[in-house]
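Colleague: return atomic coordinates for the entry below.
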Amino acid sequence: MENRLFEYMNKRISGDFVPSESVYEAGPVITISRQTGCGARRIAWALCEELNKRKLSHKADQKWNYINREILQASAEQLHLDPTVLNHVITDKDRGIMDQIVDALSSHSHKSDQKILKTVQEVIRQFGNKGNVIIIGRGGASICKDIKRSLHIRIEAPEEWRISEIARRMDFSKAYATEYVHRRDAERQLLVTKLLGAKPDNLVYDIEINHSRFTEKEIIDTILQLALIKGLV
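Modeller: Modelled structure (predicted):
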């Protein structure tokens, strides 16, 4: 991730940056939602490589990047929080009002759960507004759905296929791969539900792709064609 992207984000969130009309034309942004085992990071990386190689961009001086964990890092920096604290707030399914009260009493730098979740949403939206970015997960499709130059992808596959993929790629036993897929799917659904305040609506996606029926290259080529059709590049 280029430093200038984070510099832009810091200025945007702090209010120190006043964009020109050409800079603040929102997008283009591609979001990829996925089930565990569907290889979204590899797909996003390859998409960026293709987009940059073909110079497919409305913003000639801005390369395509993909982001995932960088969202939490940027949010934590804006809130002056340890990233592990922020991650705990948005992933703990049992966290309730008493946890927030205890945190507030034990820390002078306490931030409410609502403030943390709102900041993460704002960071995702601002990455989308900045454009030339592929956002992996984190409810990106719902948060950026009204950006005109956007494309929202959902990648799924049958559970057995995903378990086999995880076992193969990570050298897990089938039993451990099964447990891993179930746990990670639940964690991702919880994270997105907490961020959005509701379960995501599949209607926000432009297309859902069954990875078991397509190779990664075929998925990448499909997304590129859709990006061209929708005028993102």
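Colleague: after the helix or strand bottoming out on mean pLDDT in the chain, next one along is what?
Modeller: The helix or strand of the chain with the poorest confidence is helix 97-106; it has a mean of 38 (mean pLDDT, DSSP states H and E). The helix or strand immediately downstream of helix 97-106 is helix 113-130, counting by DSSP states H and E.
Colleague: how about the strands in the protein?
Modeller: Remark: strands assigned in the chain by DSSP state E are 29-34, 65-67, 133-136, 150-156, 207-210.
Colleague: can you tell me which of the ones you listed is most buried?
Modeller: strand 29-34 (a mean of 27; mean count of other Cβ atoms under 10 Å). All C-beta atoms are positioned from the backbone trio N, CA, C, and that covers glycine.
Colleague: show me where the chain has its helices.
Modeller: Listed in chain order, the helices of the chain (DSSP state H) span 3-14, 40-53, 70-79, 83-91, 97-106, 113-130, 140-143, 159-170, 174-196, 216-229.
Colleague: let me know the angle separating the last one from strand 29-34.
Modeller: The directions of helix 216-229 and strand 29-34 differ by 140 degrees, with axes from the mean of the first three to the mean of the last three Cα atoms, to 10 degrees as the criterion.
Colleague: what lies in contact with helix 216-229?
Modeller: 28, 30, 39, 42-43, 46-47, 50-51, 56, 151, 153, 155, 206-207, 209, 211, 214, 233 (Cβ atoms under 8 Å, 6 or more residues apart in numbering).
Colleague: apply 10 Å and report the result again.
Modeller: Residues outside helix 216-229 that contact it (Cβ atoms under 10 Å, 6 or more residues apart in numbering) are 28, 30, 32, 38-40, 42-47, 49-51, 54, 56, 134, 149-153, 155, 206-207, 209-211, 213-215, 232-233.
Colleague: run the angle between it and helix 40-53 for me.
Modeller: Going by the same axes, to 10 degrees, helix 216-229 makes 50 degrees with helix 40-53.
Colleague: quick one: mean pLDDT for helix 216-229?
Modeller: Throughout helix 216-229, pLDDT has a mean value of 95.
Colleague: may I see the buried residues of it?
Modeller: For helix 216-229, a neighbour-count test (16 or more other Cβ atoms under 10 Å) marks 219, 220, 223, 224, 226, 227 as buried.
Colleague: can I get the residues you listed in CSV including distance to residue 64?
Modeller: Converted to CSV, those look like this (distance: Cβ to Cβ, whole Å):
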residue, distance to residue 64
219, 17
220, 13
223, 12
224, 11
226, 15
227, 10
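Colleague: give me the pLDDT for residue 232.
Modeller: Residue-level pLDDT assigned to residue 232 equals 88.
Colleague: switch to numbering from 160
Modeller: Shifting the count to begin at 160 puts that one at residue 391.
Colleague: could you measure from residue 201 over to residue 390?
Modeller: 26 Å (Cβ to Cβ, to the nearest Å).
Colleague: if you could redo that for residue 365, that was the one I meant.
Modeller: Noted for residue 365: a distance of 13 Å to residue 390, by Cβ to Cβ.
Colleague: ditto for residue 230
Modeller: 25 Å.
Colleague: looking at these two, which is more packed in?
Modeller: residue 230 (20 against 12; other Cβ atoms under 10 Å).
Colleague: which residues sit in contact with the more buried one?
Modeller: 279, 280, 282, 283, 286, 294, 295, 296, 297, 299, 354.
Colleague: returning to that earlier point: turn the strands of the chain into CSV, including mean pLDDT and distance to residue 324.
Modeller: Below are those laid out as CSV (pLDDT from 0 to 100; distance: least, Cβ to Cβ, whole Å):
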stretch, mean pLDDT, distance to residue 324
strand 188-193, 95, 12
strand 224-226, 88, 20
strand 292-295, 93, 17
strand 309-315, 97, 12
strand 366-369, 97, 13
